[in-house]
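Participant: sequence and predicted model, in that order:
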Amino acid sequence: MKNSDLCNLEDMISVFDTSVSAADIIAAKALAGISAEIVKYRVNLGMTQKQFAEYMEVSQGMVSKWESADYGKKPGDSVLWLFAFL
């Protein structure tokens, strides 16, 4: 890596320093872990997303969102509902 590349990398990282808090990073990591567990659970059941959606009584799109950690602005409601069902 060249010295100029390092400066550019540091500039990019500095952008995140001001816009991403430690809490944001912790939350993102937790949601990624939840998503991975949902995928493992579904795969262990031998189900497709569509089959799992029927099992969970939600749309396939909702399963896709869960598995990609796309919980919207208020992840708590969706995640709590999921845990209550499981």
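Facilitator: Nice, thanks for sending it over. Keep in mind it's a predicted model, so treat the numbers as computed, not measured.

Participant: I figured M56 hits V63, correct?
Facilitator: Yes. M56 is within contact range of V63, at 6.9 Å (criterion: C-beta atoms under 8 Å). Using the backbone N, CA and C atoms, a C-beta is placed for each residue, glycine as well.

Participant: which one's more surrounded, these two?
Facilitator: Legend: neighbour count by other C-beta atoms under 10 Å for M56 and V63, higher for V63 (24 against 18).

Participant: what helices and strands are in contact with the helix or strand hosting that one?
Facilitator: Following DSSP states H and E, the helix or strand that holds V63 is helix 60-67. In this structure, helix 60-67 packs against helix 22-44, helix 49-56, helix 75-85, with contacts taken as 3 or more C-beta pairs under 8 Å, 6 or more residues apart in numbering; DSSP states H and E.

Participant: what's in contact with the second one?
Facilitator: Counting by C-beta atoms under 8 Å, 6 or more residues apart in numbering, the neighbours of helix 49-56 from elsewhere in the structure are 42, 45, 47, 59-60, 62-64, 67, 82, 85.
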